[in-house]
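Enquirer: from the sequence below, what's the structure:
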Amino acid sequence: MSEWGHPRHVALTGHGSEALDGLASVLADTDGFETAAVGQSDLLDRLNGGEFDAVVVGDRPPEQDAVAVLDEIRAAGVTLPVLAVGTAVDADRVEAALVAGVSDYVRWQSDDSGAELAGRLRALLRQPCRDGTTQAARWDAVLGSLAHDAKNPLNVVTGRLELLDVEATHSEAMNRSIARVEAMLDELSTVATVSGPVGATETVSLGDVANEVWGRLDALDATLTVVADGTLTVDPDRLDVVLERLFENAVLHGGDDVSVTVGATDEGFYVADDGPGIPEDDREQVFEQGYGTVRSGEGYGLFVVARAAAAHGWTVDVGESESGGARFDVAVR
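Expert: Purely as a prediction, here's the structure:
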């Protein structure tokens with residue numbers, strides 16, 4: 001009998017080579033698991049059907065690339081543990097696959113490797129927090145639900161406040177406080193989303209993305225200049241968030257007529273402005289949660305930038321622009 005009271009269902013894909021021909025039978029004979037071989041063309045449909053608890057992907061690049069399969073699975077919104085199995089792979093390949101987000105990696109030597117594979121699968125299923133994607137998805141769902149549910153009583157307070165005969169000064173202060181709580185709840189959901197593992201990457205134009213993000217801002221008197229375009233291979237959503245928050249930070253501190261410059265660098269890209277800049281003593285603190293020199297935004301803008309960048313393996317440094325404003329350099333790995 002399985003320790004879970006019922007067998008866990010595992011999808012096997014890309015394992016049908018001579019080197020991995022024992023994988024299916026060994027895992028099928030292990031107590032607590034039921035396996036099914038799934039072709040890659042059918043994989044996403046089967047996973048979205050909810051019949052599996054985990055995926056085991058054979059890794060034999062370039063013929064069968066577990067990282068590419070992982071990207072497809074995550075792009076489809078599937079957060080099941082994905083464990084890669086490879087033969088004759090070196091440490092660099094294992095590291096690259098783990099960095100890319102596979103839940104775990106097993107080097108298949110012989111049928112004896114089945115016990116290790118089963119053990120790692122059991123660990124992933126027993127403690128999903130070991131899998132960053134699964135953990136992030138759960139936190140995203142929990143925090144998103146919390147933020148949504150918390151707004152209902154706030155709406156009640158707002159509605160009742162409108163019925164009370166309260167002096168304008170007090171009414172305005174209470175409404176501002178309610179709006180601040182709602183804004184922080186929104187930021188809570190955003191932080192949970194951007195802190196998760198990176199999704200599928202694409203090669204995008206820095207200038208195109210920057211102009212698209214800038215066009216969504218409510219800053220008609222501010223200007224954006226792309227001085228040096230370039231291409232980046234990134235998660236587009238993560239890049240979008242980083243640029244959006246850096247632009248908002250420039251407008252927030254530099255005023256409605258601030259001038260913002262974006263350019264590619266050898267390491268990645270930078271965003272600079274001609275605003276008041278950031279004092280040198282404050283530069284190590286600006287990415288901390290809740291740090292801020294003005295009330296608007298509650299100090300979460302640059303914290304979101306830091307979390308999104310860290311999840312992508314990027315680094316962000318802050319300094320002074322040529323005009324004396326702030327400059328943020330993002331090193332993209």
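Enquirer: now the end-to-end length of stretch 105-117.
Expert: 9 Å (Cα to Cα, to the nearest Å).
Enquirer: can you list the buried residues in that stretch?
Expert: Tyr105, Val106, Arg107, Trp108, Ser113, Gly114, Leu117 (16 or more other Cβ atoms under 10 Å). (C-beta placed from N, C-alpha, C; glycine too.)
Enquirer: the third one: what's it in contact with?
Expert: Pointing back at Arg107 there. Val85, Gly86, Thr87, Val89, Val94, Ser113 (Cβ atoms under 8 Å, 6 or more residues apart in numbering).
Enquirer: break the chain down into its structural domains.
Expert: As assigned by automatic domain parsing, the chain contains the domains 8-128, 134-194, 202-331.
Enquirer: any idea which of these scores lowest on pLDDT?
Expert: Ranked by mean pLDDT, those bottom out at domain 134-194, which scores a mean of 68.
Enquirer: thinking again about what came up before, between the contacts of Arg107, which sits nearest Glu322?
Expert: Taking Cβ to Cβ as the measure, Glu322 sits nearest to Val94 out of the contacts of Arg107, at 44.0 Å.
Enquirer: which one is that closest one nearest to, not counting chain neighbours?
Expert: Distances taken as Cβ to Cβ, 6 or more residues apart in numbering put Tyr105 closest to Val94, at 4.9 Å, once the chain neighbours are dropped.
Enquirer: what about the one you found, distance to Val99?
Expert: Distance of Tyr105 to Val99, given as Cβ to Cβ, to the nearest Å: 11 Å.
Enquirer: could you do Thr87 as well?
Expert: Applying Cβ to Cβ to Thr87 and Val99 gives a distance of 20 Å.
Enquirer: who's more crowded, these two?
Expert: Thr87 (17 against 12; other Cβ atoms under 10 Å).
Enquirer: does that one touch Trp108 like I think?
Expert: Yes. Applying Cβ atoms under 8 Å, one finds Thr87 in contact with Trp108, separated by 5.0 Å.
Enquirer: most widely separated two among the contacts of Arg107?
Expert: That would be Val94 and Ser113, which, of these, are the farthest apart (Cβ to Cβ) at 13.7 Å.
Enquirer: which positions in stretch 245-261 come out as buried?
Expert: 245-254, 258-261.
Enquirer: let me redo that: stretch 301-317
Expert: 301-309, 311-312, 314, 316.
Enquirer: so which of these belong to strands?
Expert: Among the buried residues of stretch 301-317, the members found in strands (DSSP state E) are Val316.
Enquirer: in TSV: the contacts of Arg107, plus secondary structure.
Expert: As requested, the contacts of Arg107 are arranged in TSV below (DSSP: H, G, I helix; E, B strand; the rest coil):
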residue	secondary structure
Val85	strand
Gly86	strand
Thr87	coil
Val89	coil
Val94	helix
Ser113	helix
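Enquirer: quick one: what helix or strand has Ala36 in it?
Expert: strand 33-37 (DSSP states H and E).
Enquirer: done for today, thanks.
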